[in-house]
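K.L.:
model the following, please.
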Amino acid sequence: MVMNAEKLFLIFLIVFASTSLLFVAGIVISLVVNSYPIFLRDGLPFIFKSTWNPVKEDYGILPALLGTLITSTIAISFAIPLAISLATFSAEIAPKNIRGLINSVSDLMASLPSVIYGLWGLYVLAPILNQYIMTPLHQYIGFIPLFSTKPIPTNLFTAGVLLAIMITPFASSIIREAYSAVPYHLKEAAYSLGMTRWEVIRTLLGYIRSAILAGAFLALGRAMGETVAVAMVVGNTFTIPRSLFDMGYTISSLIANQFPNAEAYSYMVPALYGGALILFTIGLIINLAGLYLIRRVVARS
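P.N.:
The predicted structure is shown next:
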C-alpha cells in the first residue's frame, strides 16, 4: 500500500513537471511559428531597423529593443543598492518590533497591480523627477550625451526609475531571506574577532552573494517584461533614443499598444510576435548567464 502511494506520488510529480515543460515548449513554438513570416520576409535586418510604418508594412524593432535595454539598465542600477539596503536594514538594524511591519510593507509593494504604479508614476513620480532631478541634470551637465535632451516628465529615465521602485521588493525579499538564514555562529565569530557592525554586515553580504545575484537577475527579468506601468510613463515614441531623457518604447509596451490594431495589417502581428521572441531570447540569455555566475560564486565559496 505504501509502495502504491509512493508510485502514485511520483507519477503526479512527473505529470506536473512535464506539464510545465510542455507549456514552455508551447510558448516557444507559438512565438517561432507566428514570427516566422516577418523573419522570412525581412530576415535579421528586422532587429536593426528603426521604422514602424503599418501603412507601408515596414517594421523594425530596434528603438523598442534599445528602450527595453535602457530602462532595464536604469532600473537594475537603482534597484540593487536599494534592495541590499532594505534587506540589510530589515534583517540586521531595524528593531525587532518593527521588522514585521517593514517586511509586510515590502511584500505589499511587490503585490500591487502594475497599473497602480503606472498611475502613481504618471501623476506623482514623473513631475517630481522632471522638476528636481532631470531638469537640473540637463541644465548643469547637459553637455554629457546621456542628459543632452531637454526633459519632459514621461521618458525613458522616468520609466527606468519607476521600474526600479517596482522591482526592489522582489530582489529585497530574496536577499533578506538569505541574510536571515546565515548561521548565527558566523555572526558571533565575526564580532568575537573585534569587527564593527559595518564589517560584520559586509562580511555576511559577501557570504550570501549568490542570493544577491539571484535577486538581481529575478528583478531584471521582471523589469524587462513589465508592460502597463512602463507604457504609461515611457512616452511611447518610436525613435532611436539620443539620451536618457528622450521619450521611447519598450518591446512590451509596443506589443501592448499596437496589438489592438494589428489584425488590420498583414505583417504587424508577425512583427509583434518577432519582438516577443527577441524579448524571450534576451531573457533566456540573461537567465542562463545568471545561473552560470551563481554556480561560479557557489563553487568558489
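
K.L.:
C-alpha from now on. contacts and neighbour counts both.
P.N.:
Fine.

K.L.:
which residue is nearest the middle of this structure?
P.N.:
Geometric centre of the chain, nearest residue: residue 223, 1.9 Å, by CA atoms, centre = their mean.

K.L.:
got the phi/psi numbers for residue 58?
P.N.:
Per-residue torsions, residue 58: phi -120, psi 110 (degrees, to the nearest 10).

K.L.:
now do the residue nearest to the centre of the chain against residue 20, distance only.
P.N.:
23 Å (CA to CA, to the nearest Å).

K.L.:
repeat that for residue 291.
P.N.:
From residue 291 to residue 20 the distance is 20 Å (CA to CA).

K.L.:
what about the helices in the protein?
P.N.:
Ranges of helices in the chain, per DSSP state H, are 2-42, 45-48, 62-88, 96-111, 114-120, 126-129, 135-141, 156-180, 184-192, 197-207, 209-225, 228-233, 251-262, 268-300.

K.L.:
quick one, which of those is nearest to residue 244?
P.N.:
Closest to residue 244 of these, according to CA to CA: helix 156-180, at 5.3 Å.

K.L.:
circling back: between the helices of the chain, which one is nearest to residue 149?
P.N.:
Nearest to residue 149, of the helices of the chain and by CA to CA, is helix 135-141 at 7.1 Å.

K.L.:
quick one: residues in contact with that closest one.
P.N.:
With contacts defined as CA atoms under 8 Å, 6 or more residues apart in numbering, helix 135-141 is touched by 147, 148, 149, 150, 151.

K.L.:
likewise for stretch 144-153?
P.N.:
Against stretch 144-153 from outside (CA under 8 Å, 6+ apart): 122, 126-127, 129-130, 134-135, 137-138, 141-142, 233, 242-246.

K.L.:
quick check: end-to-end length of it?
P.N.:
Terminal residues of stretch 144-153 lie 19 Å apart, using CA to CA.

K.L.:
which of the residues in it are buried?
P.N.:
Neighbour counts over stretch 144-153 (16 or more other CA atoms under 10 Å) mark 146, 147, 148, 149, 151, 152, 153 as buried.

K.L.:
quick revisit: now do the contacts for the residue nearest to the centre of the chain.
P.N.:
Contacts of residue 223 by CA under 8 Å, 6+ apart are 71, 72, 75, 76, 163, 164, 167.

K.L.:
can you check residue 158 too?
P.N.:
Counting by CA under 8 Å, 6+ apart, residue 158 has contacts 121, 125, 126, 129, 233, 234.

K.L.:
please identify which pair of the residues you listed lies farthest apart.
P.N.:
Largest pairwise distance in the contacts of residue 158, by CA to CA, is 13.2 Å, between 129 and 234.

K.L.:
for the contacts of helix 135-141, which one is nearest residue 208?
P.N.:
Relative to residue 208, and with distances defined as CA to CA, the nearest of those is residue 147, at 35.7 Å.

K.L.:
distance of the closest one from residue 140?
P.N.:
For residue 147, the distance to residue 140 - CA to CA - is 9 Å.

K.L.:
same thing with residue 294?
P.N.:
40 Å.

K.L.:
could you do residue 184 as well?
P.N.:
Residue 184 is 49 Å from residue 140, by CA to CA.

K.L.:
can you check residue 49 too?
P.N.:
34 Å.

K.L.:
which of the two has more neighbours?
P.N.:
residue 49 (15 against 10; other CA atoms under 10 Å).

K.L.:
excluding chain neighbours, what is closest to that one?
P.N.:
residue 60 (4.3 Å; CA to CA, 6 or more residues apart in numbering).
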